[in-house]
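Asks: below: sequence and its predicted model.
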Amino acid sequence: MALNEKLIVGRLPFLVCAPFFHTTLNGLNCNDQIEFLDGVPRFLNHELQAGRIDCAPSSSFEYGLHFEDYFLIPGLSTSSRMEIKSVLFLSTVPWEQISGMDVQLSSDSATSNVLFQILSQKYFSVSPKIISGSEENENAVGKVFIGDKALSQSLNPLWTYRYDLAEVWQKWQNLPFSFGLWMVRRESVVQKKKALRFFLQILSDSLKSFKSNPSLALDHWTQFYPSQLSREFMLQFYATADYGFSEAHEKSLNLFYRLALEAGFLKTIPKLEYLSL
């Protein structure tokens, strides 16, 4: 297979995505059809939008910005049942008291940053001074963390107050929140259909394998992506993680997009269109 016919898949090296990818780390005899590119959500969003990767478990907000370019892979997301534990606002003061105070956003995730600002405005009725994730600010009273950094920082005694963004959304809207959606570029569906079908089967098998024995899967994952977190802590994390995408997830996603539009983060409500092979 020619190099330009390979399916280029964005892979998040975060614990939350181990169920999607743990079986792919040794190649799984797919090197002639599939290639993986590791990166944080912001990087993968950029590469996906630029057409340098074909599909990824990318940011829900990236789909909202450029939905005309993608199809959603049905039935899959990175979501939560109540708390997700890997998307946090950690603070030295209560969230409801942060108006006018410096708060630093994540350098890795657009979805989490937008959700934090919507919750600040609509749920807590506060207006913090927003500092971008690229500007380290020692005066910030709180910070948004995602991924493995959020899991480790949640144990840091510096932070008096810990807010799980998915849990706050659930309390407010009584709906799960999908931080990531599996999306594929529309032209890739036509140009790389065979490799895409092959990868979708790998993805399904990887999820089933993880659910059947999470500890064994983590043994494999941490050989490639070591973690200082305890095995017990990691397994507890998966107890609330949710990788499906139901009618409730879709309702929640559409609500998020409407609120993002009202807050000026989007210019239009995106249409959800699903992949069909």
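Replies: Sure thing, it's come through.
Asks: quick check: mean pLDDT of the host helix or strand of Leu37?
Replies: Taking DSSP states H and E as the criterion, Leu37 maps to strand 34-38. Averaged across strand 34-38, pLDDT comes to 92.
Asks: same question for stretch 209-217.
Replies: Stretch 209-217 comes out with an average pLDDT of 94.
Asks: phi, psi of Phe124?
Replies: With angles defined as degrees, to the nearest 10, Phe124 sits at phi -100, psi -10.
Asks: that one reaches Trp95, doesn't it?
Replies: Yes. If you go by Cβ atoms under 8 Å, Phe124 and Trp95 touch, sitting 5.2 Å apart. C-betas here are computed from N, CA, C, even on glycine.
Asks: show me what contacts the spatially most central residue of the chain?
Replies: Geometric centre of the chain, nearest residue: Gly180, 3.7 Å, by Cα atoms, centre = their mean. Residues counted as contacts of Gly180 (Cβ atoms under 8 Å, 6 or more residues apart in numbering) are Leu12, Val16, Pro41, Pro57, Ser58, Ser59, Ser60, Ser77, Thr78, Thr111.
Asks: can you count the residues close to the fourth one?
Replies: Number of residues near Pro57 (other Cβ atoms under 10 Å) recorded here: 26.
Asks: I'd like the next helix or strand past the host helix or strand of it.
Replies: Using DSSP H and E, Pro57 falls within strand 55-59. For strand 55-59, the following helix or strand on the C-terminal side (DSSP H and E) is helix 60-66.
Asks: summarise which helices and strands that following helix is packed against.
Replies: Helix 60-66 is packed against helix 41-50, strand 70-80, helix 110-118, strand 180-185, helix 247-262, with contacts defined by 3 or more Cβ pairs under 8 Å, 6 or more residues apart in numbering; DSSP states H and E.
Asks: for Arg197, grab the count of nearby residues.
Replies: Per other Cβ under 10 Å, the neighbour tally for Arg197 reads 12.
Asks: contacts only, for Tyr243.
Replies: Neighbouring residues of Tyr243 by Cβ under 8 Å, 6+ apart: Pro19, Phe20, Leu76, Ser77, Thr78, Ser79, Leu207.
Asks: would you mind measuring from it to Trp172?
Replies: To Trp172, Tyr243 is 23 Å away according to Cβ to Cβ, to the nearest Å.
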